[in-house]
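**Q** no FASTA, just this:
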């Protein structure tokens, strides 16, 4: 039976151009079908456009607590509507598996077959030429001796194979390797906020945080961005360049938090079915 794909949602894929998810049931790489991908892009564009229009068209000079609360409520309402639309698209949208292009695979296979055929033909031609020249040079007695030596060599090889098979059956199983203390390979990409998948520098396997830790990490990032950006977003006295510097400061704080997670929190093998 075909799998009814259910994606593993990540906050880092909200504004991706063509987000690709991982099915939590079969582990396959999946993506939304064409119409739903366009709908997701339209929702992202509308949300960004509405926020920018509200930021640059807000000319109110009232800085009282009531107007601040109203503006915050409006912003939270827009964010909730946006997240609701995205969650509906991600949850109920039809998905399809992401496959490699078959043309590239067929071309590579054809090239490999051509090279192997050419090598086999060359080796066969060389072996036939060498056999004919050797048969012409040797006499009948020498040919008989060569055949006898070849027969002895075959018998010796068969005995060696039988002797090597016997101890292999009686050999004891290898001891199990101790558990690996997973640590990611050092790279600057590990410290990008909301990056969850890494490669272990000891065993070379794909490692990641547990599902509960991923949820807590995403909530921490969301809380940091909300605490730093939203109050300044509603302040009319802050211009665009000041807000850009505040955003860069928020990214620096998020990067420091990501460094702490990568250095301190334990990781597990990424489970793929």
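**A** Cool, got the structure. Not measured: the values here are computed from a predicted model.
**Q** distance of residue 217 from residue 263?
**A** 13 Å (C-beta to C-beta, to the nearest Å). Glycine gets a C-beta too; all of them are placed from N, C-alpha and C.
**Q** quick one: contacts for the residue nearest to residue 249 when sequence neighbours are not counted?
**A** Of all residues not flanking residue 249 in the chain, residue 228 sits nearest, at 7.0 Å (C-beta to C-beta, 6 or more residues apart in numbering). Taking C-beta atoms under 8 Å, 6 or more residues apart in numbering, we find residue 228 in contact with 246, 249-250, 253.
**Q** List only those of those flagged as buried.
**A** Buried members of those, counted by 16 or more other C-beta atoms under 10 Å: 246, 250, 253.
**Q** so the last one, which of the three states?
**A** When you say that, I think you mean residue 253. Put simply, residue 253 is helix when judged by DSSP: H, G, I helix; E, B strand; the rest coil.
**Q** More neighbours: residue 217 and residue 263, which one.
**A** residue 217 (20 against 11; other C-beta atoms under 10 Å).
**Q** Which residue is the nearest non-sequential neighbour of that one?
**A** That would be residue 261: by C-beta to C-beta, 6+ apart, it lies 6.0 Å from residue 217.
**Q** Around the one you found, how many other residues sit close by?
**A** Residue 261: 21 neighbours (other C-beta under 10 Å).
**Q** With residue 184 instead?
**A** Other residues close to residue 184 by other C-beta under 10 Å number 18.
**Q** doesn't residue 196 make contact with it?
**A** No - the criterion here is C-beta atoms under 8 Å, and residue 184 misses it with residue 196 at 10.8 Å.
**Q** could you say what helices and strands the strand or helix carrying residue 156 packs with?
**A** Under the criterion DSSP states H and E, the helix or strand holding residue 156 is helix 140-170. Where contact means 3 or more C-beta pairs under 8 Å, 6 or more residues apart in numbering; DSSP states H and E, helix 140-170 is not packed against any helix or strand.
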